[in-house]
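Enquirer: make a model of this:
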Amino acid sequence: GKVLKDGEVMTNVSISLVPVGSGLAATGTADSSGNIRVLTNGRTGASKGKYQVGFTEPLREMTPEVLASGSPPPPSFHRRFESPQTSGIEYEVVDGGGTFEFTISKK
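Expert: From the prediction side, this is the model:
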């Protein structure tokens, strides 16, 4: 799958798929082309079911201002997307798997 921010494919993004109800979470990180393959306990894919999705940026720019603030750099997208519970994005894995394309924004 892919994650788009303001219409552009993101290469600096990781996703977390947290099951709605019970089950195991799946995670993935974009490669240099922006493609993401999710893994569950080290195995490719996610179990069938509904998930809430969260996003993080593994690498953020450490500017002198950020270092002086003592806080981590802010993401390049709205903070609500960081938590699967507040992102508002859900995904359902069906029999046979599939691909996804999520869109996030600065707002």
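
Enquirer: OK, contacts around Ile89?
Expert: 52-53, 81, 102, 104 (Cβ atoms under 8 Å, 6 or more residues apart in numbering). (Each C-beta comes from the backbone N, C-alpha and C, glycine too.)

Enquirer: buried sites along stretch 81-91?
Expert: Using 16 or more other Cβ atoms under 10 Å as the test for burial, stretch 81-91 gives 81-82, 84, 87, 89, 91.

Enquirer: which one of the contacts of Ile89 is nearest Ala26?
Expert: Within these, proximity to Ala26 (Cβ to Cβ) peaks at Val53, which comes in at 9.7 Å.

Enquirer: in a strand, the closest one, correct?
Expert: Yes. Val53 forms part of a strand when assessed by DSSP: H, G, I helix; E, B strand; the rest coil.

Enquirer: would you confirm that it contacts Val20?
Expert: No. Taking contacts as Cβ atoms under 8 Å, Val53 lies outside contact range of Val20: 10.7 Å.

Enquirer: got the phi and psi for the closest residue to Thr29 other than its chain neighbours?
Expert: Ranked by Cβ to Cβ, 6 or more residues apart in numbering and with sequence neighbours excluded, the top spatial neighbour of Thr29 is Ser14, at 4.3 Å. Ser14 adopts backbone torsions of phi -120, psi 150, taken as degrees, to the nearest 10.
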